[in-house]
Structure formats: structure tokens, C-alpha cells
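S.K.: let me see the structure of the following:
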Amino acid sequence: MRILSDDLIDRITRRALDPKRRYMTAADDERAVSLPTEDIAQKFGDSSSEAGDVFRQMQARMASMGFAMPTMSFVEHPGGMSASSQPPGAKPLAPPPSDGDWAALEALAGAPIPADLRQVYAIADGGFGPGFTGLHTVQSIGANCEDLRRRGPDYCGTILYPLCFLPIADETLNFHYDLDTGRIISSNQDWENDGLDPEDVFDIAHQSLAAMMEHWLRSA
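M.R.: Residues are numbered from 1 along each chain as shown. Coordinates of the predicted model:
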């Protein structure tokens, strides 16, 4: 049975409770402020005429469909600036998954959910840890798994998605829990543009969930 140590769970929990370090983009979400659409358009325009034009075109498309853009969250960061319809502030942690959530995922997986995965999700139902916005919720794992089984990791049906995989997080690469080995497997949905062969789409990212979470704890 794969089990995470109490010390590791404690360190994961303490970081998960930090809204600025909860997930990869949490610090940007914390810095975001609510601004009227026109103010955001002006900021994009001041940054570059191209960025301003793109934002104005988006406004025009929404107006043509009878929608007005709402007040949005805006943030400036080292890579530029971005706007979102999400409210400012890091996404809050959700309560742990219900027994029904786990039962539904086990029915889909056709296997018990390992103890180490259940331990991590006892902290919260995703929203922290590796991934742009942290680990997926248990319901999202199930929905994404069904989608990947239909369309494959490149979303084109070229490559089969292993039945023992559960998709748990998305970054530049996507990460999957291998129920057979406990390893964390990465997949590259842009494999063709990156010059990979189909057999190279999947790779071992971490030898265990514990190793993945330790890597996240060492990240900035």
C-alpha cells in the first residue's frame, strides 16, 4: 500500500493553506484587481497596439452577440498582463471529495483509488499542488478521463489513453496517476510539433505521488 508520511502531508497542507503559493498562478490571482472593461482596454492598448486591438475585437464580438463584458480581474506580471472573468484573489480550497465522488471515480477506473491519492485529497478537493491551478477535482478527474479515453492525450484519437491512468494536473505537460505502478506519467499533447514519435508521448515524470508533491514543495 502506498502511503504518504505524516510529515509530508503536514508540509503539503501548510502550503495549500497559503493563498499565494497554493498553485502555480495563485500569486497572480492574489495580485489581480477588479477594473471596468474600458480601463482594461486602455491598459492593453498602452502595452501594445496589437494587444489593445485584440481586446477591442473581443469586445466587439461579444457586443454582436448581445453581451456586454463585465467588470474583470486584471493583473500585471513579468510575462505581461492578463484579464479574467474570475473574481480577484486565489481560488479558495474546496472541502474534500465525498464518498460518492470517490465511488464514481472507482467505478470509472475499475479499480480502488490508492491510499496516497486519497491522503492528498483529504486536504481539499484539488485546487492546490502541481498544475496551473492545482490538482483537478475528483469529479474533473473522472470527466477528463472519459474525454481522454475517447480522444487520446493529443485529442486527435491518434494515441490510446491507458485505462490505468487518471489525469490529475495540467501544466505545459499533463500529468497522470498510473494506478498500476503509482508513478506519475507526463503526456505531451503537442507531440507532433515537438518532433516526438507517438511512442514518446508518455514519459515517467515522477516515481511516485510523494515524489511529485516533494518536487512541488521545492518549487518557488
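
S.K.: enumerate the positions of the lengthiest helix in the chain that are buried.
M.R.: The helix that spans the most residues within the chain, counting by DSSP state H, is helix 49-64. Neighbour-count burial for helix 49-64, counted by 16 or more other Cβ atoms under 10 Å, picks out 51, 52, 55, 59. For glycine as for every other residue, the C-beta is placed from the backbone atoms N, C-alpha and C.

S.K.: mind listing what residue 179 touches?
M.R.: For residue 179, the contacting residues are 109, 111, 114, 164, 165, 166, by Cβ atoms under 8 Å, 6 or more residues apart in numbering.

S.K.: please apply the same query to residue 55.
M.R.: Contacts for residue 55 (Cβ under 8 Å, 6+ apart) come out as 40, 41, 44, 45, 83.

S.K.: got it, and residue 214?
M.R.: Shown here is residue 214, whose contacts under the criterion Cβ under 8 Å, 6+ apart are residue 8.

S.K.: give me the distance between the residue of the chain positioned farthest from its centre and residue 57.
M.R.: Relative to the C-alpha centroid of the chain, counting by Cα atoms, centre = their mean, residue 64 is the outermost residue, at 31.8 Å. Computed as Cβ to Cβ, to the nearest Å, the residue 64 to residue 57 distance reads 11 Å.

S.K.: repeat that for residue 172.
M.R.: The span separating residue 172 from residue 57 equals 27 Å under the rule Cβ to Cβ.

S.K.: can you list the domains in the protein?
M.R.: The record, using automatic domain parsing to delimit domains, assigns the chain the ranges 6-24+91-218, 33-84.

S.K.: just give me the lowest mean pLDDT stretch among those.
M.R.: Ranked by mean pLDDT, the domains of the chain end with domain 33-84 in last place, scoring a mean of 82.

S.K.: just the contacts of residue 179: which are in strands?
M.R.: When strands are assigned by DSSP state E, the members of these inside them are 165, 166.

S.K.: by neighbour count, which of the contacts of residue 179 wins?
M.R.: residue 166 (25 neighbours; other Cβ atoms under 10 Å).

S.K.: for that one, which residues are in contact?
M.R.: Contacts of residue 166 (Cβ under 8 Å, 6+ apart): 105, 109, 117, 141, 145, 176, 177, 179.

S.K.: how about the nearest residue to it, chain neighbours excluded?
M.R.: What sits nearest to residue 166 in space, not counting adjacent residues and going by Cβ to Cβ, 6 or more residues apart in numbering, is residue 177, at 4.5 Å.

S.K.: isn't that neighbour up against residue 169?
M.R.: No - contact between residue 177 and residue 169 fails when scored by Cβ atoms under 8 Å: they sit 9.3 Å apart.

S.K.: coming back round to it: any quick ChimeraX command for the buried ones out of the contacts of residue 55?
M.R.: The command below creates a ChimeraX selection of those among these that count as buried (16+ other Cβ under 10 Å):
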select :40,41,44,83
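
S.K.: closest one of the contacts of residue 55 to residue 3?
M.R.: Lowest distance from residue 3 to the contacts of residue 55 (Cβ to Cβ) belongs to residue 83, with 42.8 Å.

S.K.: using the three-state scheme, assign that closest one.
M.R.: In the three-state summary, residue 83 is assigned as strand, counting by DSSP: H, G, I helix; E, B strand; the rest coil.

S.K.: what about it, distance to residue 27?
M.R.: Taken as Cβ to Cβ, the span from residue 83 to residue 27 is 17 Å.
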